[in-house]
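In: only geometry, no sequence info:
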């Protein structure tokens, strides 16, 4: 249906005789402006990740937003954030708390972001 979207991508290497990259994504469009996304990405020897994100309207002016990106190979959250958004006819204000990996050693930092 138009409320659901499914995507599956595979990259096959004929020299290796196997799939080297796979991506699976599903999206559900909520009533109004909301959306929920689920994804899995795999690249042989490099990437093995889950990704979940959402924009969830709780009233005509207020929405919640969030994302969680997790590396199965590293047993670590690569990025997570959550926040709120207020939107009127001509202005929007957003605030987000974010934790994310900053380097290849897996060190993480926190951030607070605001946008008008």
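Out: Right, received. Where do you want to start? For clarity, every value in this text was computed on a predicted model and none was experimentally measured.
In: make sure residue 43 is actually in contact with residue 23.
Out: No. Counting by C-beta atoms under 8 Å, residue 43 does not reach residue 23; the two are 9.0 Å apart. All C-beta atoms are positioned from the backbone trio N, CA, C, and that covers glycine.
In: show me what the helix or strand encompassing residue 97 is packed against.
Out: Using DSSP states H and E, residue 97 maps to strand 92-101. In terms of contacts (3 or more C-beta pairs under 8 Å, 6 or more residues apart in numbering; DSSP states H and E), strand 92-101 is packed against strand 76-87, strand 108-115.
In: now for residue 69, how many residues are close by?
Out: Residue 69 has 19 neighbours, counted by other C-beta atoms under 10 Å.
In: quick one, what contacts it?
Out: Shown in contact with residue 69 (C-beta atoms under 8 Å, 6 or more residues apart in numbering): 49-52, 77-80.
In: pLDDT score for it?
Out: What the model reports as pLDDT for residue 69 is 97.
In: partner residues bridging it?
Out: Counting by DSSP bridges, residue 69 is bridged to residue 51, residue 79.
In: which of the helices and strands packed on strand 92-101 sits most buried?
Out: Using mean count of other C-beta atoms under 10 Å, the stretch among those with the largest mean neighbour count is strand 76-87, at a mean of 16.
In: contacts made by that strand with the rest, please.
Out: By C-beta under 8 Å, 6+ apart, the surrounding residues in contact with strand 76-87 are 49, 55, 61-71, 92-101, 106, 108, 113.
In: in the protein, where is pLDDT below threshold?
Out: Residues of the chain that meet the criterion pLDDT under 70 lie in 1.
In: related to what we said a few turns ago, what does the strand holding residue 97 contact?
Out: For strand 92-101, contacts defined as C-beta under 8 Å, 6+ apart pick out 65, 76-87, 107-116.
In: picking that back up, Serialize the contacts of residue 69 to CSV and add fields for distance to residue 8.
Out: Shown next, in CSV, are the contacts of residue 69 (distance: C-beta to C-beta, whole Å):
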residue, distance to residue 8
49, 16
50, 15
51, 15
52, 17
77, 25
78, 22
79, 23
80, 25
